[in-house]
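Visitor: sequence first, then the predicted structure, then my questions.
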Amino acid sequence: MTSAGFPLLDIRQLSVFYSGLQVLWDVSLYVNKGEIVTLLGANGAGKTTLVQSVFGLTRDQKGHIFFEGNDITGLPAYEMVKRGLALVPEKRELFPKMTVEENLEIGGFSKKGEIVELEEIFDFFPILKERKKQLAGTLSGGEQQMLAIARALIPKPSMIVLDEPSLGLSPLIVSSVLDAIKKLNEEGLSILLVEQNVQHALEMSHRGYILETGRIVREGTSSDLLHDDQVQASYLGT
Ligand SMILES: Nc1ncnc2c1ncn2[C@@H]1O[C@H](COP(=O)(O)OP(=O)(O)OP(=O)(O)O)[C@@H](O)[C@H]1O
Ligand SMILES: [Mg+2]
């Protein structure tokens with residue numbers, strides 16, 4: 001896999017604090033146009049904090065975040081969406097009492113101008129078409145994740161950030177969700193993927209970073225990380 005391009009998302013020396021307590025230390029990470037980059041790390045390492053800080057959802061931070069070369073540090077989430085950066089949050093945040101279709105219509109709300117037609121979304125996620133009149137809260141976990149991803153695609157982002165899209169899903173469903181993400185990348189979407197399925201995530205991505213207790217301890221191409229002794233011992237159980 002090649003990963004030519006320029007940094008679309010560029011996080012530089014980010015530190016984040018909660019009530020004065022530091023949880024991220026000088027984290028630097030970039031995603032080039034066209035790449036899938038995986039962010040790996042154990043529970044509590046600070047992955048969600050990193051993602052939230054990109055979308056202006058943390059309050060106390062140092063460092064800078066650039067998107068397409070513009071400093072976006074601290075801008076609100078809707079501003080990110082306007083600029084073409086979308087989030088699929090850890091908790092999915094669907095509207096359970098609304099139908100699949102209605103949840104998707106809400107996805108188009110944040111951005112003026114271009115949106116993806118629902119039919120295009122349904123071509124990509126046929127299961128959502130079958131279920132379009134069903135209440136989101138009654139979908140299976142995998143279907144809900146597909147819906148969360150689909151909703152993020154409506155404002156035509158150039159990049160999406162996915163926070164543990166496979167959380168709570170059975171292995172077979174994990175594969176279908178990750179395969180869909182890979183396919184989106186092949187269609188040109190740049191992706192930052194937070195995952196704990198280390199093997200699968202690295203196999204489908206260009207590069208990766210490992211976050212341990214708030215610090216990047218390893219970074220490299222996915223194949224280098226997959227063959228790294230320490231990564232194998234700590235994350236792949238080999
Ligand atoms: N709002 C908050 N207030 C105070 N501390 C927080 C807050 N959110 C997260 N933390 C702490 O920051 C650290 C990093 O949490 P974070 O949720 O970013 O980790 P994570 O890598 O996403 O973990 P997981 O894999 O379990 O989702 C943890 O110690 C957590 O307890
Ligand atoms: Mg998290």
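Guide: That came through fine. Numbers count the residues shown, from 1 in each chain. Ligands and ions are numbered 1, 2, ... in the order given.

Visitor: start and end of stretch 203-215, how far apart?
Guide: End-to-end span of stretch 203-215 (Cα to Cα, to the nearest Å): 23 Å.

Visitor: which positions within that stretch qualify as buried?
Guide: Neighbour-count burial for stretch 203-215 flags Met204, Ser205, His206, Arg207, Gly208, Tyr209, Ile210, Leu211, Gly214 (criterion: 16 or more other Cβ atoms under 10 Å). Every C-beta, even on glycine, is put in place using the N, C-alpha and C of the backbone.

Visitor: pretty sure the third one is touching Glu219, no?
Guide: Think His206. No. Contact criterion Cβ atoms under 8 Å: His206 and Glu219 do not qualify, at 11.8 Å.

Visitor: could you look up the SS state of the spatially most central residue of the chain?
Guide: When Cα atoms, centre = their mean is applied to the chain, the residue found nearest the centroid is Leu162 (1.7 Å). What DSSP: H, G, I helix; E, B strand; the rest coil gives for Leu162 is strand.

Visitor: what of the one 4 residues further on?
Guide: Under the three-state scheme (three-state DSSP), Ser166 adopts coil.

Visitor: what sits against it?
Guide: Contact analysis of Ser166 by Cβ atoms under 8 Å, 6 or more residues apart in numbering lists Gln145, Ile173, Val174, Val177, Leu178, Glu195, Gln196, Asn197.

Visitor: what strand or helix carries the closest residue in space to it that isn't next to it in sequence?
Guide: Counting by Cβ to Cβ, 6 or more residues apart in numbering, Val174 is the residue found nearest to Ser166 once chain neighbours are left out, at 4.1 Å. Using DSSP states H and E, Val174 sits in helix 171-186.

Visitor: what of Ala45?
Guide: Short version: Ala45 belongs to no helix or strand, going by DSSP H and E.

Visitor: cool, Thr38 as well?
Guide: Going by DSSP H and E, Thr38 is in strand 36-40.

Visitor: just the CA trace of that strand, in PDB.
Guide: Extracted in PDB, the C-alpha atoms of strand 36-40 (Å, rounded to 0.1, in the frame of the first residue of the first chain):
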ATOM      1  CA  ILE A  36      -5.900   4.900   7.000                       C
ATOM      2  CA  VAL A  37      -4.000   5.400  10.200                       C
ATOM      3  CA  THR A  38      -4.700   3.200  13.200                       C
ATOM      4  CA  LEU A  39      -4.400   4.500  16.800                       C
ATOM      5  CA  LEU A  40      -3.900   1.600  19.200                       C
END
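
Visitor: next SSE downstream of that strand?
Guide: Once strand 36-40 ends, the next helix or strand along the chain (criterion: DSSP H and E) is helix 47-54.
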